[in-house]
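[1] Quick one, what's the 3D model for this:
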Amino acid sequence: MGEFTGERVIPGQVDTDLWNEHFSRYAFASRFVAGKRVLDLGCGSGYGSAELARTAESVVGVDVSPDAIGYARAHYQAASLSFALHSCVDLPFSAGSFDLITAFEVIEHLTNWRELLKEAQRLLSPSGTFLVSTPNKLYYADQRREAGPNPFHEHEFEFEEFRDALMEHFAIVDVQLQNRTEAFVYAAAGEPVSEPAVRVEMPASDPSQAHFFLAFCGVEKPEPFVFIPSAGNLLRERELHIARLTSELALKDKWLAGMTGQRDQLHAHHQAAVTQLEERNRWAQSLESELDAARQRVVELQSEFAREQEASRKVASDYEAKVRELERDVTEKANWALETERRMTAELESKCNELAEAVKLLDSVESTVEERTRWAQDLDARLQSAAGQLAMIRSSRWIKLGRAAGIGPKID
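    The predicted structure is shown next:
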């Protein structure tokens, strides 16, 4: 079983008052279980299921905690008793399987508590009874005023809300008020008390002052029930409690007496500490003044730095503008140089082409001149040959005789 938190009642591990508070609900329920099929939702350590199994036909204890179910199975065995690990809002049993269902101090632990009521309604036989208890929110909040809200509780109820929620699912709802009250018991010494005569003198109960609500949802209305536990001598319990408190008070008085000397020493230490604290406060004040001056200087430096940053940004902006202007100029000149180079290259190529054509023409002219020169030289040679021949003819005596005779060709 896990560590006790106050939410799980484990026999022998809780004080008498808490045990009686929880066990009394099962004593109340035991009057209605004889020969019936019973489902105990949130059975915890199993002591209540075992109590109901004494007279019931069968009892199934259900809890979501593996530790609790393990403890219950180990400590409570009976032919009519079994335990199962299940959630109270999702149970594997068929509709109408039980004649009586208990859910003591369970509903306030659930966020989906309405599902618990739906399951109880589904699992009850037509003439079945549902017993469900929960703390009174008003009383419980006042009781835990110093400790704060219970971290294990998801939803706590006031009387009207609890009753109205039950009436949405059950036709007959009778909300009983569970309170602890003082009683005087008369019984023979050494004999167990069984079904004593009880006289109850109590005013009408106020729901807002009740410790707990226990709702009886069924076809019948129960009679008031008084549970007198075996440790029921309330006066004796109070006397023992007062004696324990007196002993603790005496021990504290002794401790306080022994602390008197230490108190004087602590007082002297306190005075010295106060003096030292005052000196340190003065020192701290001087540091605060220096710190204020330093803060002021920081503010001035921040302002100066801001101004310098602004001036730097202005210079940087001017430089950036100049750089952009130079970049534009360089780009323009580079473009001009490229265009000039392209144009001059084109012109040079054109001149080279013209020069090549001129060279070709010159070569052609030179060829022509050489050819004409050779022709002229050949012509001149032929002319000289012809002149020679003409001279020979002129000097021929035959020509001369022809001239003299006036015959033959005329040669000039």
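
[2] Show me the shaky parts of the stretch 301-412 of the chain.
    The model of the stretch 301-412 of the chain has pLDDT under 70 over residues 398-399, 408-412.

[3] quick one, strands of it?
    According to DSSP state E, counting those that start in this stretch, the stretch 301-412 of the chain carries no segments that qualify as strands.

[4] Tell me if S133 really is in a helix.
    No: applying DSSP: H, G, I helix; E, B strand; the rest coil, one finds S133 to be strand, outside a helix.

[5] what helix or strand does the nearest residue to it once chain neighbours are set aside sit in?
    With Cβ to Cβ, 6 or more residues apart in numbering as the criterion, S133 has its nearest non-adjacent residue at 4.2 Å, and that residue is L214. Using the backbone N, CA and C atoms, a C-beta is placed for each residue, glycine as well. L214 is part of strand 212-217 when elements are defined by DSSP states H and E.

[6] Flag every buried residue along that strand.
    For strand 212-217, a neighbour-count test (16 or more other Cβ atoms under 10 Å) marks F212, F213, L214, A215, F216, C217 as buried.

[7] Just put the residues you listed in CSV and tack on pLDDT and distance to A386.
    Listed next are these as CSV, based on pLDDT from 0 to 100; distance: Cβ to Cβ, whole Å:
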residue, pLDDT, distance to A386
F212, 90, 167
F213, 90, 166
L214, 89, 169
A215, 91, 166
F216, 90, 171
C217, 92, 165
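
[8] re earlier: please report how far the residue nearest to S133 lies from Q384.
    Using Cβ to Cβ, to the nearest Å, we find L214 at a distance of 167 Å from Q384.

[9] hang on, the earlier thing: counting contacts, what elements does the strand holding L214 pack onto?
    With contacts defined as 3 or more Cβ pairs under 8 Å, 6 or more residues apart in numbering; DSSP states H and E, strand 212-217 has these neighbours: helix 16-29, strand 124-135, helix 159-167, strand 173-178.

[10] quick one, strands of the stretch 1-150 of the chain?
    Under DSSP E, counting those that start in this stretch, the stretch 1-150 of the chain gives strands at 37-41, 58-63, 81-85, 98-104, 124-135.

[11] Pick the most deeply packed of those.
    strand 37-41 (a mean of 28; mean count of other Cβ atoms under 10 Å).

[12] quick one: strands adjacent to it?
    strand 58-63 (parallel), strand 98-104 (parallel) (DSSP bridges).

[13] Mean pLDDT and distance to E156 added to these, as TSV?
    Output for those, formatted as TSV (pLDDT from 0 to 100; distance: least, Cβ to Cβ, whole Å):
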stretch	mean pLDDT	distance to E156
strand 58-63	98	21
strand 98-104	97	15
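
[14] how about those in a markdown table, adding distance to F227?
    Converted to a markdown table, these look like this (distance: least, Cβ to Cβ, whole Å):
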| stretch | distance to F227 |
| --- | --- |
| strand 58-63 | 20 |
| strand 98-104 | 14 |
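
[15] where's the nearest residue to F212 once chain neighbours are set aside relative to F227, distance?
    Nearest non-adjacent residue to F212, counting by Cβ to Cβ, 6+ apart: Q178, 4.0 Å away. From Q178 across to F227, the span is 9 Å (Cβ to Cβ).

[16] Repeat that for T368.
    153 Å.

[17] And those two? Which one has more around it.
    Neighbour count, other Cβ atoms under 10 Å: between T368 and F227, F227 has more, with 16 against 10.

[18] S30 is in contact with that one, correct?
    No: F227 lies out of contact with S30 (Cβ atoms under 8 Å); the separation is 10.3 Å.

[19] and stretch 200-219, which residues are buried?
    P207, A210, F212, F213, L214, A215, F216, C217, G218.

[20] what sits against the first one?
    With contact set as Cβ atoms under 8 Å, 6 or more residues apart in numbering, P207 has these partners: N136, F159, V175, L177, F213.

[21] Please repeat the previous calculation with a cut-off of 7 Å.
    F159, L177 (Cβ atoms under 7 Å, 6 or more residues apart in numbering).

[22] per-residue confidence at it?
    Note on P207: pLDDT of 85.

[23] show me what contacts the residue nearest to S133?
    Contacts for L214 (Cβ under 7 Å, 6+ apart) come out as R25, F28, L131, S133, Q176, Q178.

[24] Would you confirm that the second one contacts F225?
    Yes: counting by Cβ atoms under 7 Å, F28 does reach F225; the two are 5.1 Å apart.

[25] what residue ranges in the stretch 151-300 of the chain score low on pLDDT?
    Those would be 194, 201-204, 230-241, 244-245, 261, if you go by pLDDT under 70 across the stretch 151-300 of the chain.

[26] now with 80?
    The model of the stretch 151-300 of the chain has pLDDT under 80 over residues 181-188, 190-205, 219-267.
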